[in-house]
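Chemist: Structure, please.
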Amino acid sequence: MTDTDFERVIQQHTQPLVNYALSRGYARTRPDAEDLVQDLALKLLRSRAYRRFRGESTPFVWLCAVLRSVKMRELEKQNATRRQEDRVGYQQTRAESSDAQHTRRLVEALIDDVQDATTRRALELYLLGVSWPEISKAVGQSRRTLERSVKHELGQDRDWEGV
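Modeler: This next block holds a predicted model:
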């Protein structure tokens, strides 16, 4: 995809992407969803990842997949921070916070498209900050197999890795 094609695709799909972000719970309000889509467009533009678009799907489907992947990585980073805070004694009742409820809804939206039940459960636990040994025990599969499946669902094996 050329620079001009990318600009045209973003203009054409901005509002549908905003609606997608809202419907999936990636943003709570329309202005937040608009910011999210704008940030995504800037990330793609800066990284030039759009040049690796291979046309295996429509541009809109590809953009939705990239947006999903970006949101998963953000959630992954959030949970890594939480795990670190928990290790140093940070105490906050997550169950009572609206952020925890939003995080739970976001995780549910992100894993909704995952077809395999085992991978879906592993991804859910991972995004909620559960350790790999605990995930492996809960799901009944090897850590290596689960990590590979989760990495695939996070989009870390796809061509938009630089976003």
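
Chemist: use CA for all of it now, contacts and neighbours both
Modeler: OK.

Chemist: separation between the most centrally placed residue in the chain and Gln78?
Modeler: The centre of the chain sits closest to Met72, judged by CA atoms, centre = their mean, with a distance of 2.1 Å. Shown here: Met72 relative to Gln78, a distance of 10 Å by CA to CA, to the nearest Å.

Chemist: hang on, the earlier thing: in which helix or strand does the residue nearest to the centre of the chain reside?
Modeler: In the assignment (DSSP states H and E), Met72 maps to helix 59-87.

Chemist: Verify the contact between Val9 and Val61 for me.
Modeler: No: counting by CA atoms under 8 Å, no contact exists between Val9 and Val61, whose distance comes to 11.5 Å.

Chemist: and the two? which has more neighbours close in?
Modeler: For Val9 and Val61, the more surrounded residue by other CA atoms under 10 Å is Val9, and the numbers stand at 15 against 12.

Chemist: Next, the more buried one: secondary structure please.
Modeler: At Val9, secondary structure determined by DSSP: H, G, I helix; E, B strand; the rest coil is helix.

Chemist: That one and Pro59, how far apart?
Modeler: For Val9, the distance to Pro59 equals 7 Å [CA to CA].

Chemist: Over to Ser142?
Modeler: Using CA to CA, Ser142 is found at 36 Å from Pro59.

Chemist: With neighbour numbers in mind, choose between those two.
Modeler: Neighbours were counted for Ser142 and for Pro59 using other CA under 10 Å; Pro59 has more, 19 against 13.

Chemist: Thanks a lot, catch you later.
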